[in-house]
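A.B. asks: fold the following.
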Amino acid sequence: MTTTGLLSFDLDRIHSAPPERVWAAFTTADLLRRWVCPDPEWSVSSCEVDARSGGGYAIRFGPRPAGDEYCETATFSVYEPVTRLVLDVRTAGADMDETTSCTVLLRPVDTGTRLDLTVAGLSGEDVVESMRTGWQWCLEGIAEQLAPAA
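C.D. replies: As a prediction, the model looks like this:
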């Protein structure tokens, strides 16, 4: 029997907001709700956050009228305010049931905050591409939410 090792990917982004605001995007339900589903044809039907070590979040989102195609639950296994967050995430729904580990590192830089994201534990190349695309959308959504008002 041949087994395939679990896969991962890394993304990074510089946000023009201080680390405290980027941290809040991951740990405040109202902000998380706004960027976690940036596809305009999708909706978030519920979003709850328990912002503490051992806490986490639960989100229901998707394209069905009730926005309940997928459920994503996460536990904050590492919770180091404004610097590091490790989430054990389960995404389950119509065509996916994946458990991953997401590490978010935040560092102040001259122009704001550098966000380094690692998503690990993915089961296949197709899942890597799907999750990478989703996280790229999400990082853009965070940027839009944190952009200064015009």
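A.B. asks: where exactly do the helices run in the chain?
C.D. replies: Along the chain, counting by DSSP state H, helices occupy 19-27, 29-35, 125-146.
A.B. asks: quick one, the last one and helix 19-27 angle?
C.D. replies: Read that as helix 125-146. On the basis of axes from the mean of the first three to the mean of the last three CA atoms, to 10 degrees, helix 125-146 is oriented at 130 degrees to helix 19-27.
A.B. asks: quick one: helix 125-146 to chain centroid distance?
C.D. replies: 8 Å (CA atoms, centre = their mean, to the nearest Å).
A.B. asks: kindly report the same for the shortest one.
C.D. replies: The chain centroid and the centroid of helix 29-35 are separated by 11 Å, computed with CA atoms, centre = their mean.
A.B. asks: in this structure, which ranges drop under the pLDDT threshold?
C.D. replies: Low-confidence segments of the chain (pLDDT under 70): 1-5, 38, 149-150.
A.B. asks: 80 - rerun?
C.D. replies: Scanning the chain with the threshold set as pLDDT under 80 gives 1-5, 38-40, 64-68, 94-95, 148-150.
A.B. asks: residue ranges of the strands in it, please?
C.D. replies: Using DSSP state E, the strands of the chain run over 7-15, 43-50, 56-62, 70-80, 84-93, 96-109, 112-122.
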